[in-house]
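Engineer: make a model of this:
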Amino acid sequence: MKVSCKRIKYGIVLSVLTSVLMFGRASAQRGLPEYIKPVGESAESWVFWYWMHGAYSREGITADLEAMKQAGIAGAYLAPIKGKTDPPLYTPSIDQLSPEWWKMARYALDEADRIGIKIAMLPNDGFATAGGPWITPENSMQKVVSSSLMIKGGRVFNDTLPSLPAYKGYFRDIAVFAFPANRGAGHSTRTVIPKVTTSTGADASFLVKPGNKQNFGSNESCWIQYEFTKPFTCRSVVIRVNGFNYQSHRLLIEVSDDGNNFRAAERLQPPRAGWLDWDADVTHEIKPVTARFFRFVYNKEGSEPGAEDLDAAKWKPSLKIAGIELSAEARIHQYEGKTGEVWRVSSRTTSDLVPDSLCVPFGSVKDITQYTDGKGRLKWKVPAGNWVILRVGYTSTGHMNETAGAGKGLECDKFNPEVVRFQFDKWFGEALRVAGPDLAKRVLNIFHVDSWECGSQNWSPVFREEFRKRRGYDPVPYLPVMTGVPVESADVSERFLYDIRQTISELIADNFFKTLKQLAHEKGATFTAEATAPVMVADGLLHFKEVDIPMGEFWLRSPSHDKPNDVRDAISGAHIYGKNVIQSEAFTEVRMHWDEHPGMLKALQDRNYALGINRLVYHVYTHNPWMDRKPGMTLNDVGLLFQRDQTWWKQGRAWVEYAERCQSLLQQGRPVEDIAVFTGEEFPRRAILPERLVPSLPGIFGKEVVAAERKRLENRGVPMREMPVGVNTGANMINPADWTDPLRGYAYDSFNADALLNLAVVRNGRIELPGGASYAVLVLPGKHPMNPNSNLMSAGVAERLLQLVKDGATVVLGDRPVTTPGLKDFTEEDKRLQIATEELWGGSFTTVRNGAASAMVKQVGKGRVIPGPISLESFDFIGVPRDFTYTGKNNEPAGKIAWNHRSTGDSEIYFVSNQDSVNKELVLSFRVPDKVPDIYDPVTGRTITAANWTVSSGRTELPMLFSPNGSYFVIFRNETVPSPNGDKKNWPEFHAVKQIEGDWSVSFDPALGGPQKPVLFKQLGDWSQSQDTSVRYYSGTAVYHKNLKWKKPKDSDRFWLDLGQVSNIAEVKLNGVSCGIAWTAPYRLDITDALKNGNNELVIEVTNTWFNRMKHDQTLSENQRISHTTAPFRLHNRSLLKAGLTGAVTILSEK
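Structural biologist: Predicted structure coming up:
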């Protein structure tokens, strides 16, 4: 039965006194519905405040901070970037770490205190990650290195071993091993040199030379051929590149015995790899093949679209390769990533590929360290036979805080708490001392770890003991595996490497992030941090356990650099560990177009709000030392330009207020997510992107998405797209805008093993976590790119899954695990795994059907398991209907809608965003049966009376009208007011009363190149089409003046000014009263309180972007330009952009 309902209208009044006491200013949160308690400062946005190239001024610092305050910014993440240029950009320039620099920092803190801005600082000079000149190689990030030689036995070896690879001469030995040479040892293209030819005719003989830095490259299909004089048996291929190159790792190997007839042997499979992937080669283990001719064939067809975890595939396909080494000796497949030296994910080496007969028996590995003199000389009586002497040690990774200036140095050891404390003290600690305790307490109250840009590490002086403590055995006897040598078996070797990666992951969380959290808290600071993936080998969610405010980052028009997985890491990490505020570096842009403005940014902002972000940190506010140069200093051409000399800065405060209103509501209560998705136990790991779930939940996604995803992955023709100008990437990379509501009414989090083992309990059939997260269904996805070894599961995880199910949980099963991942007691662990998985995966299941689709269900204790994939279109069959759905008013497709749901217990709060640039009349359906809906507009701060909704089958349906990229909050209160009246609309209706016609007097700012006197516009139009060049190329604010005669109609109460088309943002003042700022559609403002009968003075201040001025200035000599910036100009071959009021201006009455 449907019940029509009508909302009783009520007034919304908040005490001005309360607002002033709580916020100290006219907070944007004042207009929230009266039953919503504002969250205060946590809803206010911050900025990244970069000080560039030693170019700072006190006047600029004061102006920056005052501008932030005026715009409603709460705080700034202060980071100096790079050092002085030659010649200097500003005189005098100041080196970081100098007394003058710290004096300037103290001045900034004092001014921030006076003005009311909070300051955050990082662990070092620059924004990444934690290092400086005080870090010696001994205290830096470390990695395992090795050298080896083959010797004949039956004699005493008394000689110096080959040196270890060393960073600037620094290395330390761990151990020296000896073991019998394996089959094929020493037989490689280092010892058997082939003839190298290419299909292009280019010389590529350098490819067989160790240490070569020269590239062989081709943009077209080609091949490289190795010709041996005798048949050569190849078991492994080492690919070396300068930097990274996806195509080098997917070459097709063809072989021939005669050089004429070739047969396909194997295609190399690239590991999953992030953007910083140049620290190690890639060793591909292949099926053994013997031939005289080996061809390595490059053809772009079949290439996978790029992704965050396959970064090198993002770019225009081409082959760039520096080395191909063939070896007859077996190696652990892609072991370089498995050692934790670099962030990679690879399939496990199988016994089919490397049988036990090709592995060194563990008992044959002799530790002969005692026979060395500590300086690399070995004296040892070698048994008969051929032996390998393997020297293993460690050195610095050599990674530095690359974005620093005078404070640049090695990155600190992330595994050693003492070194981490030392690093904290040298920068943030010094800042605290410079500030003094009182000022620091008031102002310097956030400590932040930013982007992880320093690579990975896999050793430290503390690593051996930490490993022993955590894994229960000594890693040193197994260290040959870290050099790629298979020991005992492929399985044993892979298990040991898994234990290495797990230990690395735990140390990053426990010894780095936890130590920094403790230090920050000791100093009274909040700890915020960004993602570690895809650079540091770790569980990408685990470190957020030790962070007060997790942080992601999303980019604007920069598919090559966008970080949708970073955002999901932060959101899922926050949800599972109970962190309410989730912020994001926002709107970072790889190349500014100078056309950016709030209206164009809103949909991207809203999409990330819908995902779960609830506080923005705008990127970037660059300190401008000049008071007479606009736009002034920039982060080169990286944006967004969000600073005081942005044309729309002052009017942009309305956009900042919008963010604050949204963020206050999005921080209420707890998130509502029905589905938890298990990340698996592979290392590294991170939150799972929605496209990776399509094979597991095809029915939930729907046939259209399944088909589209299949087509995308086929990537036929490897199409490219250019975005931004001059940056070409694969057109079939994931576009987050296409995944606004991927599970069609269900929201999900990713769920790691730590949450499963240590936090999850079952209450009322839902898995709950201490922070308030609650899930109706736990999904174990099948094999996907970030979990190629989906048949692995620890016994502890399997047993915990079983217990959760018995307690009442519902679990969608993926691939059945067959083995455990770690080495300790693995035989017993495997037995425990089999017992648990038999209860979950074994036995008989009941079939549930819905038309042609069906699912299998089995009751286990109080809960149930459902083998995937799920072909049914919803989880209705287990009593979990969709949380939110939507259609067009006539049941037609609604386009792209993003949404978010939070619950306070008393209220259900839904955020709904129209992601398309068109008006939409929709019917929204909410899984809320018994509460009254209010509609809150965060653009205006106005609560709209809901007049028409229906309740049926446990759901509330609400018709709504959305403007282009419009967004609303629908808030369900804990009360019900039934009414038979269901024919009203849930939005105000407007009727045109008066179109404002005639001449407009428009004033431009001469300081920005505008005309000296006002210009008469006979009609409204695009000023970039003006014949007057001082108008055509104008960027800035133009002031439209108009005298307006008005007589109020008798049948209307409220009147609005519709500005038509605005390029790009406008403030309306009527009779000296500001009526607001129109920055997004529908560009309509309430003028009721300022409008009077008779003569009215109408002023509309319209601001466009820097684009038109910058485009013209790039044609002028520097001394003729109006604009001055440190960013390069890239606006050739682009047309001028519309500017000003370009449509009719109309007074509307509201009915």
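
Engineer: what's the burial count for the nearest residue to residue 586 once chain neighbours are set aside?
Structural biologist: Counting by CB to CB, 6 or more residues apart in numbering, residue 616 is the residue found nearest to residue 586 once chain neighbours are left out, at 4.4 Å. Placement of C-beta: from N, CA and C, glycine included. Here the number of neighbours of residue 616 (other CB atoms under 10 Å) works out to 25.

Engineer: can I assume residue 616 sits in a strand?
Structural biologist: Yes. If the criterion is DSSP: H, G, I helix; E, B strand; the rest coil, then residue 616 is within a strand.

Engineer: quick check, it in contact with residue 658.
Structural biologist: No. Counting by CB atoms under 8 Å, residue 616 sits too far from residue 658 to count as a contact (10.5 Å).

Engineer: the strands in the stretch 1001-1150 of the chain, which residues?
Structural biologist: Listed in chain order, the strands of the stretch 1001-1150 of the chain (DSSP state E, counting those that start in this stretch) span 1015-1017, 1037-1046, 1054-1058, 1062-1063, 1065-1070, 1073-1078, 1084-1086, 1094-1103, 1124-1125, 1140-1141, 1145-1150.

Engineer: pLDDT of the fourth one, averaged?
Structural biologist: This predicted structure assigns strand 1062-1063 an average pLDDT of 98.

Engineer: got it, and the last one?
Structural biologist: Summarised as a single mean, pLDDT over strand 1145-1150 is 96.

Engineer: most packed of the strands of the stretch 1001-1150 of the chain?
Structural biologist: strand 1140-1141 (a mean of 26; mean count of other CB atoms under 10 Å).

Engineer: ok now that one, how far from the chain's centre?
Structural biologist: Here strand 1140-1141 is found 36 Å from its chain centre; the criterion is CA atoms, centre = their mean, to the nearest Å.

Engineer: neighbouring strands - and their directions - for that strand?
Structural biologist: Strand 1140-1141 pairs in its sheet with strand 1062-1063 (antiparallel), by DSSP bridges.

Engineer: how far is the strand it pairs with from where the chain is centred?
Structural biologist: With CA atoms, centre = their mean, you get 32 Å for strand 1062-1063.

Engineer: ok, and what's touching that strand?
Structural biologist: 599, 1022, 1078, 1083, 1102, 1104, 1137-1143 (CB atoms under 8 Å, 6 or more residues apart in numbering).

Engineer: phi, psi of residue 685?
Structural biologist: Residue 685 has phi and psi values of phi -150, psi 160 when expressed as degrees, to the nearest 10.

Engineer: pull the CA atoms of stretch 999-1013 into PDB?
Structural biologist: Below are the C-alpha coordinates for stretch 999-1013, written out as PDB (Å, rounded to 0.1, in the frame of the first residue of the first chain):
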ATOM      1  CA  ASP A 999      22.000  49.200 -22.400                       C
ATOM      2  CA  TRP A1000      24.500  48.100 -19.700                       C
ATOM      3  CA  SER A1001      27.400  50.100 -18.600                       C
ATOM      4  CA  VAL A1002      30.400  47.800 -18.000                       C
ATOM      5  CA  SER A1003      33.600  48.800 -16.300                       C
ATOM      6  CA  PHE A1004      36.800  46.900 -16.600                       C
ATOM      7  CA  ASP A1005      40.000  47.200 -14.500                       C
ATOM      8  CA  PRO A1006      42.700  49.100 -16.400                       C
ATOM      9  CA  ALA A1007      45.400  47.500 -14.200                       C
ATOM     10  CA  LEU A1008      44.400  44.200 -15.800                       C
ATOM     11  CA  GLY A1009      44.500  45.600 -19.400                       C
ATOM     12  CA  GLY A1010      40.900  46.800 -19.500                       C
ATOM     13  CA  PRO A1011      39.700  50.100 -21.000                       C
ATOM     14  CA  GLN A1012      40.100  53.200 -19.000                       C
ATOM     15  CA  LYS A1013      36.400  54.200 -19.200                       C
END
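
Engineer: residues in contact with it?
Structural biologist: For stretch 999-1013, the external contacting residues (CB under 8 Å, 6+ apart) are 630, 1014-1018, 1020, 1023, 1028, 1030-1031, 1033-1042, 1109, 1122, 1140.

Engineer: now do the helices in the stretch 651-800 of the chain.
Structural biologist: Using DSSP state H, counting those that start in this stretch, the helices of the stretch 651-800 of the chain run over 653-666, 698-701, 703-714, 753-758, 795-806.

Engineer: all strands of the stretch 201-350 of the chain, in order?
Structural biologist: Using DSSP E, counting those that start in this stretch, strands in the stretch 201-350 of the chain cover 216-218, 222-240, 252-256, 262-267, 272-273, 282-298, 319-321, 323-327, 344-345.

Engineer: which strands and helices sit next to the fifth one?
Structural biologist: In this case it means strand 272-273. Based on contacts counted as 3 or more CB pairs under 8 Å, 6 or more residues apart in numbering; DSSP states H and E, the elements that strand 272-273 packs against are strand 344-345.

Engineer: contacts for the strand it packs on next, please.
Structural biologist: With CB under 8 Å, 6+ apart, strand 344-345 has contacts from 271-273, 277, 282, 309, 334, 336-338, 682, 684, 785-788.

Engineer: just want the most central residue of this structure.
Structural biologist: residue 566 (2.4 Å; CA atoms, centre = their mean).

Engineer: that residue belongs to a helix, doesn't it?
Structural biologist: Yes. Membership of residue 566 in a helix is supported by three-state DSSP.

Engineer: just to revisit the earlier point, could you check how far the residue nearest to residue 586 is from residue 579?
Structural biologist: From residue 616 across to residue 579, the span is 16 Å (CB to CB, to the nearest Å).

Engineer: try residue 523
Structural biologist: Taken as CB to CB, the span from residue 523 to residue 579 is 20 Å.

Engineer: what's the answer for residue 1025, then?
Structural biologist: From residue 1025 to residue 579 the distance is 51 Å (CB to CB).

Engineer: more crowded one of these two?
Structural biologist: Using other CB under 10 Å, the more surrounded residue of residue 1025 and residue 579 is residue 579, with 18 against 13.

Engineer: phi and psi next, for residue 769.
Structural biologist: According to degrees, to the nearest 10, residue 769 has phi -120, psi 160.

Engineer: next up, the contacts around it.
Structural biologist: With CB under 8 Å, 6+ apart, residue 769 has these contacts: 575-576, 578, 755, 759-761.

Engineer: try it again with 7 Å
Structural biologist: 576, 578, 755, 759-760 (CB atoms under 7 Å, 6 or more residues apart in numbering).

Engineer: want to try TSV for the strands of the stretch 201-350 of the chain, with distance to residue 865 as columns?
Structural biologist: Listed next are those as TSV, based on distance: least, CB to CB, whole Å:
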stretch	distance to residue 865
strand 216-218	51
strand 222-240	41
strand 252-256	41
strand 262-267	37
strand 272-273	29
strand 282-298	36
strand 319-321	47
strand 323-327	45
strand 344-345	27
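
Engineer: can you tell me which of those comes nearest to residue 383?
Structural biologist: strand 323-327 (24.6 Å; CB to CB).

Engineer: the inter-axis angle of the closest one versus strand 252-256?
Structural biologist: 50 degrees (axes from the mean of the first three to the mean of the last three CA atoms, to 10 degrees).
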